[in-house]
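Q: return a 3D structure for these sequence lines:
(chains A and B)
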Amino acid sequence: MAVYERAYRAYAGPLTPGRARRRVITRYALADLFANKKFVAWFVACFAFPVGCAFYIYAVNNLDILEPLGVSATGLGTFSIGPKFFLNFLYIQGLIFAFLTTLFAGPGLISPDLRNNALPLYFSRPLTRTEYLLGKGSVLALVLSAMTWIPGLILWVFQAVLAGGRWWSDNLRLAPGIFFGSWLLIAVLALLALSVSALVKWKPLAGALIFAIFVGGKPFSLAINGILDTGWGLIFDINYLVQTAWTWMMGARITSEVGELPPWASFVVLGAVCAGCLVLLRRRVEAYEVVR
Amino acid sequence: MTPAIELDQLTVQLGGRPILKGLTAGLGSRTLGLLGPNGAGKTTLLHTLLGFFPVSSGTARVFGHDIRTGTAAIRRVVGYMPENDSFIAEMSAVRFVRLMAELSGLPPAQALERAHEALFWVGLGEERYRPLGSYSLGMKQQAKLAQAIVHGPKLLILDEPTNGLDPPHRVRMIELIRDIRERGDMVLILSSHLLRDVEESCEEVLVLKDGAIAAQCDLAAERRAQQRLVEVEVGGEREAFVEAVARLGGECAAGMRQRIKVLLPEGLGVAELFRVAAERGVQLRRVEVKRTSLEEIFLAAMGEIDGRL
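A: As a prediction, the model looks like this:
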């Protein structure tokens, strides 16, 4: 019988397991995100740098192939592939591409549900707040993973294979550094984006707020340092905190600024930021708000 | 039979203010009307049953599941249509209803099929690919009903389903609710402040006032009883008429002037009264089959807390 001729009937078919509900949230949010052609174009563009890095690694490990092309191999050869290379990779992929992707994708995750008062419909079903948040957060986790630790580890393996010898054992620390460093950034970005999305119902404003928190932290921290004649103002600069943590995790150092705060302080502040976001999300993501 | 919903001294406080005050009732009908003025606690009761608000003391059970410990089990068998606009404006109706079906546990293919079915059934078949934000108020209410029934719940909670609807949409909504009731495969709770909606759709009524139960009434039994209560005005010998009716098993109560209220026994119709009156030479000047409207029940309940009708 055609669908339009059927009357209402009870459902007696199979049901999915409880853990599948979180994936439903993620699947629909990802579909919404990738339905946007601008986002797809941006997402593809985010892989240009890792591909470039792969070519660079190949070139550095095969200097002889560049000579027929007239490229000076001497300059390339002096730059070894090591902690600095992978730290730079994380800076560019994480603090630029992943951050801008979060600005694009983050504000639209929870705010439409809040704006349209859809949460009572979600939570009248067998879905907990934790599952809802995990489902939404997984969207950012998947997208940001695809542009940070996954290409990072592929590049590390690529370099280890091409370099051979003792390179992989000498640089073993880099692999967990890339993995956990990326997840640190993903956790901070995802929780901040979800919190702002839950706090501000208007997407452009939510995006602006995320941008302000990340980029505005630096001038604010410098102002605090200047006024109070201290270095601890840097705890307000999330970018700096992430860089400090990465530097410690990768055993490398790039800018002179990094190192003014002990790594443990960065981890403590970033942990506090994440905890604060979780508290905020717990308060905001409710079927109904009780006005006291 | 165990009632579908049991309230056991259910007390809910929100913001330090008691909203529900020790509600105790067993609600066993297939269609329950929840009545009360604005602020009586109807929506709070529904939200508490769904686990949205914490219970301060007492408890309630839905199909035997305690709302303190069995929220997940309750939500598996409930369909909920909220009072306010509640959807994702940018989504098409069919995608939205499918999402809700999948969240209720239906596999994607079945969820899609059921979403189409539900939308056709509520009357949105031709409009199902339009974004929900472009719908009229009546269509939004229909879409909310579709998402509430798409997974085939055992308990359907409708919070003010006819709110803001024009007469044709209201009639359509009441028809849908009656259709659900007549299928008999789900229990229905209809919360409304519109007495007519409840009267037309429900078998049992729970009247709330200031967070307490003001009345609980079996409308079906009430209707049956009402069909046997007749008020007559006689001309001539009233006592002779009363005596004759009493001999047939009827109970009479003499009122002002020549009026008599008669409670007819089972199997005795109004025609018998005419026959008795003719035999005794008594005039029947007026015969009125008394019907207590839900409005009277409601107004009586509003005057007395904890009253039983």
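Q: enumerate the residues of the stretch 101-250 of chain A near chain B.
A: Proximity of the stretch 101-250 of chain A to chain B, by CB under 8 Å from any CB of the partner chain, involves residues A:112-113, A:115-118, A:120-128. All C-beta spots, glycine's among them, are computed from the backbone N, C-alpha and C.
Q: please, where are all the strands along chain A?
A: With strands called from DSSP state E, chain A shows none.
Q: in it, where is pLDDT below threshold?
A: Low-confidence segments of chain A, defined by pLDDT under 70: A:1-7, A:70-79, A:253-259, A:289-292.
Q: in it, what residue comes closest to chain B?
A: Closest approach between chain A and chain B, counting by CB to the nearest CB: A:Y11, at 3.2 Å.
Q: so that residue makes contact with B:A115?
A: No. Applying CB atoms under 8 Å, one finds A:Y11 not in contact with B:A115, separated by 11.7 Å.
Q: comparing those two, which residue is more hemmed in?
A: Shown here are A:Y11 and B:A115; by other CB atoms under 10 Å in any protein chain shown, B:A115 has more neighbours (27 against 19).
Q: isn't the more buried one right next to B:M91, touching?
A: No. Applying CB under 8 Å, one finds B:A115 not in contact with B:M91, separated by 11.3 Å.
Q: circling back to that earlier point, now for the residues of the stretch 101-250 of chain A next to chain B: which two are most distant?
A: A:R115 and A:P126 (24.3 Å; CB to CB).
Q: so what's the residue count around residue 109?
A: I'll assume chain A. 26.
Q: my bad, the chain I had in mind was chain B
A: Counted with other CB under 10 Å, B:A109 comes out at 9.
Q: so it sits in a helix?
A: Yes. Counting by DSSP: H, G, I helix; E, B strand; the rest coil, one finds B:A109 located in a helix.
Q: show the pLDDT at it.
A: On the pLDDT scale, B:A109 is placed at 94.
Q: which residues of the stretch 101-250 of chain B lie near chain A?
A: Contact residues (CB under 8 Å from any CB) of the stretch 101-250 of chain B with chain A: B:102-107, B:110, B:113-114, B:116-118, B:120-121, B:125, B:147, B:149, B:151-152, B:179-180, B:183, B:185-186.
Q: okay, now residue 143: neighbour count?
A: Reading this off chain A. When neighbours are counted by other CB under 10 Å, A:V143 registers 24.
Q: not quite, I wanted chain B
A: Around B:A143 there are 26 residues (other CB under 10 Å).
Q: excluding sequence neighbours, find me the nearest residue to it.
A: Nearest non-adjacent residue to B:A143, counting by CB to CB, 6 or more residues apart in numbering or on different chains: B:A93, 5.0 Å away.
Q: on that earlier part again, give me the buried entries from the residues of the stretch 101-250 of chain A next to chain B.
A: A:112-113, A:116-118, A:120-128 (16 or more other CB atoms under 10 Å in any protein chain shown).
Q: reformat the residues you listed as JSON lines; add distance to A:A141.
A: Below are these laid out as JSON lines (distance: CB to CB, whole Å):
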{"residue": "A:P112", "distance to A:A141": "19"}
{"residue": "A:D113", "distance to A:A141": "18"}
{"residue": "A:N116", "distance to A:A141": "24"}
{"residue": "A:N117", "distance to A:A141": "27"}
{"residue": "A:A118", "distance to A:A141": "22"}
{"residue": "A:P120", "distance to A:A141": "26"}
{"residue": "A:L121", "distance to A:A141": "24"}
{"residue": "A:Y122", "distance to A:A141": "19"}
{"residue": "A:F123", "distance to A:A141": "22"}
{"residue": "A:S124", "distance to A:A141": "26"}
{"residue": "A:R125", "distance to A:A141": "23"}
{"residue": "A:P126", "distance to A:A141": "23"}
{"residue": "A:L127", "distance to A:A141": "18"}
{"residue": "A:T128", "distance to A:A141": "18"}
